[in-house]
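Peer 1: dropping a prediction and its sequence here:
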Amino acid sequence: MSSSALIIFVKNPVPGRVKTRLAATVGDQEAMRIYLALCARTRDICLGIDADRYLYYSDFIDPHDAWSNAAFHKRCQVDGDLGQRMESALQEVLAHHQRAVLVGTDCPLLSTAILQESLDQLTTYDAILGPATDGGYYLLGLRQVIPTIFRDMTWSTDQVLADTVVRLTEAGATYHTVATLPDIDYATDWEQYGWPLE
C-alpha cells in the first residue's frame with residue numbers, strides 16, 4: 001500500500017443532477033457531456049500519479065462505469081454537507097496512508113504536476129490548498145484531519161479559501177498553496193477554459 005493517496009469526489013452522472021448551474025444555460029444534455037469530459041480528464045490525470053486512488057461517489061457505487069475497478073478503490077460519500085463528506089472521506093483514507101489529496105472533477109486545467117507537487121509538499125506542510133479563481137479551492141491535501149476546516153463552514157461562497165486559511169492558522173497548521181485554477185460552474189467558464197477537453 002502506498003503512503004500517498006488521491007481522493008476523487010464524483011457525482012453519479014444523472015442528467016439534471018450534474019453541473020446544474022451550467023445546465024441552466026446550455027441544457028441538461030450538454031451539461032452532462034461537459035461533465036463526462038471533465039471526469040475523463042480528471043481520471044486520466046489521476047492515473048498518472050503513483051498513489052492509491054479512492055473514488056467517492058455521491059449516491060451509489062458503480063462497478064461498471066469508466067472508472068477502472070482495478071485502479072480505483074470505490075466508496076460512497078456519507079450524507080451531509082460538503083464539509084462532512086470531505087472530513088469523513090479523509091478520515092477514512094488517512095487511517096491507512098500518511099498523506100492524501102482530495103479533488104473534484106470541475107477543474108479542466110488540473111495536471112499531474114500539480115497533484116504530484118501537492119503530495120510532495122505534504123512531507124513538509126500540514127495542509128495543501130489549490131485555490132480556485134472563484135474564491136474556493138479545487139484541491140485539499142492533508143496529513144491528518146483538521147476538523148475545524150470542515151465544520152460550520154458556509155460552502156460555495158467566495159470566502160471559502162480565505163476562511164479555510166484563517167482556520168488552518170488558528171489550528172497552528174502549516175500550509176502551502178499550489179497554482180490558482182478555474183472551476184467550471186457556468187457556460188462562460190466552459191467557453192473560456194474548456195478548450196483542453198474539446
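Peer 2: Sure, I can see it.
Peer 1: who does L6 form a beta bridge with?
Peer 2: Under DSSP bridges, the beta-bridge partners of L6 are R53, V101.
Peer 1: and the lowest-mean-pLDDT helix or strand in the chain, C-alpha only, in PDB?
Peer 2: One helix or strand of the chain scores below all others by mean pLDDT, DSSP states H and E: helix 187-193, with a mean of 80. Extracted C-alpha coordinates of helix 187-193, given in PDB (Å, rounded to 0.1, in the frame of the first residue of the first chain):
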ATOM      1  CA  ALA A 187     -21.200  28.500 -19.500                       C
ATOM      2  CA  THR A 188     -18.800  31.400 -19.600                       C
ATOM      3  CA  ASP A 189     -16.300  29.300 -17.600                       C
ATOM      4  CA  TRP A 190     -16.600  26.500 -20.200                       C
ATOM      5  CA  GLU A 191     -16.200  28.900 -23.100                       C
ATOM      6  CA  GLN A 192     -13.000  30.400 -21.500                       C
ATOM      7  CA  TYR A 193     -11.300  27.300 -20.000                       C
END
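Peer 1: in that helix, what's buried?
Peer 2: 187, 189-190, 193 (16 or more other CB atoms under 10 Å). Using the backbone N, CA and C atoms, a C-beta is placed for each residue, glycine as well.
Peer 1: again with stretch 44-59
Peer 2: Here stretch 44-59 shows 45-46, 49, 51-57 as buried, counting by 16+ other CB under 10 Å.
Peer 1: most widely separated two among these?
Peer 2: Within these, I49 and Y57 form the most distant pair, 20.0 Å apart (CB to CB).
Peer 1: what are the boundaries of the strands in this protein?
Peer 2: For the chain, strands defined by DSSP state E occupy the ranges 4-10, 52-57, 73-76, 99-103, 127-131, 137-142, 175-177.
Peer 1: which secondary structure elements does the third one contact?
Peer 2: With contacts defined as 3 or more CB pairs under 8 Å, 6 or more residues apart in numbering; DSSP states H and E, the packing partners of strand 73-76 are strand 52-57.
Peer 1: go ahead and measure how far the strand it packs on is from the middle of the chain.
Peer 2: 11 Å (CA atoms, centre = their mean, to the nearest Å).
Peer 1: what of stretch 152-169?
Peer 2: Here stretch 152-169 is found 16 Å from its chain centre; the criterion is CA atoms, centre = their mean.
Peer 1: which residues touch that stretch?
Peer 2: Under the contact criterion CB atoms under 8 Å, 6 or more residues apart in numbering, stretch 152-169 has outside partners 81-83, 126-127, 129, 131-132, 134-137, 146, 148-149, 175.
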